[in-house]
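Just a sequence and a predicted model for now, questions to come.
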Amino acid sequence: MESIPVKHHPDIRWVAAASAVITALVAGGIIYWNSAIEVRNELAAARAENDETVEGLRAEIGGLRLIVEGMKQELTAKNAGLTAPAGPVTSQALFTSRHGFSLRYPQSWIVVDTASEDYATLAEAQKTLGNHLAFLSFVPQSAPVEGVPAHQAKLELWVYSTPPQKGLDEWIGANHAAKDILSVADLQVGPFAGKMVEAAAEPEGIRVIYFQAQSLWVQANVYPENTERLEEVKAILAAFVPEADNL
């Protein structure tokens, strides 16, 4: 009688164990991969947050440097028995308009509005009230992203190539109701004779300076927190140079 060969089947328990190991390895790999992705996302979020924090600190440091500089000047002036200049002394920047005038202002300021430069002539700009400029005294890093709060504006200029009225008095009368005018004072702005108006109806107590510079007429709005620094503002306005003075 021939013997029937016996077929050896793998131990089913060994197969189950191997399958369990493979399944565990696959599951572990998936868990590890998901964990790696989560860690990567958390690191990216932390890095972005740190970048924002660094930028904010840089802006604060810039502002603190100006404050410290002003305190140093004040202390030096007190020790010398003198009056400290308003604000930190800074180098000068030059703004040159396409309309034939230039203006020097502190390097630390920022020009935030040059609407008049979008027009071919000042006369054209006047028709749509686009003949204005605006400067802010805070450092560019901390400037607001959207809009400029009025109380932060340092200096706002309206420049006319044709006289709004026959003279400064008539111009003031056209812009301010007599009952709202609290005071009108003569003001020398460099080589130019001008007038400063304090009016109750002005938003937030703005002081308004009017003067004629050669063939140009200038209205400067000085915001309330800067009224104690009028000498500084007057020095900037005195640096207003019409084209005729450059010839």
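Looks like it arrived, so ask away.

Need the three-state assignment for residue 208.
Put simply, residue 208 is strand when judged by DSSP: H, G, I helix; E, B strand; the rest coil.

what pairs with it across the strands?
residue 197, residue 221 (DSSP bridges).

Based on its surroundings, how many neighbours for it?
By other CB atoms under 10 Å, 20 other residues sit near residue 208. Just so you know, the C-beta spots here come from the backbone N, C-alpha and C atoms, and that holds for glycine as well.

With residue 114 instead?
Neighbour tally, residue 114, other CB under 10 Å: 13.

Ok, residue 206 next?
Neighbours of residue 206 under the rule other CB under 10 Å: 21.

Kindly export stretch 118-136 (C-alpha atoms) in PDB.
The C-alpha coordinates for stretch 118-136 follow below in PDB (Å, rounded to 0.1, in the frame of the first residue of the first chain):
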ATOM      1  CA  ASP A 118      -2.100 112.800  -8.400                       C
ATOM      2  CA  TYR A 119      -3.100 115.900 -10.300                       C
ATOM      3  CA  ALA A 120      -1.400 117.600 -13.200                       C
ATOM      4  CA  THR A 121      -1.900 121.000 -11.600                       C
ATOM      5  CA  LEU A 122      -2.900 122.500  -8.300                       C
ATOM      6  CA  ALA A 123      -5.800 124.300 -10.000                       C
ATOM      7  CA  GLU A 124      -7.100 120.900 -11.100                       C
ATOM      8  CA  ALA A 125      -6.600 119.500  -7.600                       C
ATOM      9  CA  GLN A 126      -8.500 122.400  -6.000                       C
ATOM     10  CA  LYS A 127     -11.600 121.600  -8.000                       C
ATOM     11  CA  THR A 128     -12.000 118.300  -6.300                       C
ATOM     12  CA  LEU A 129     -10.500 119.200  -2.900                       C
ATOM     13  CA  GLY A 130      -7.400 117.100  -3.700                       C
ATOM     14  CA  ASN A 131      -4.800 119.800  -3.000                       C
ATOM     15  CA  HIS A 132      -3.600 118.500   0.400                       C
ATOM     16  CA  LEU A 133      -0.700 116.700   2.100                       C
ATOM     17  CA  ALA A 134      -0.500 115.100   5.600                       C
ATOM     18  CA  PHE A 135       2.400 114.100   7.800                       C
ATOM     19  CA  LEU A 136       2.500 112.000  11.000                       C
END
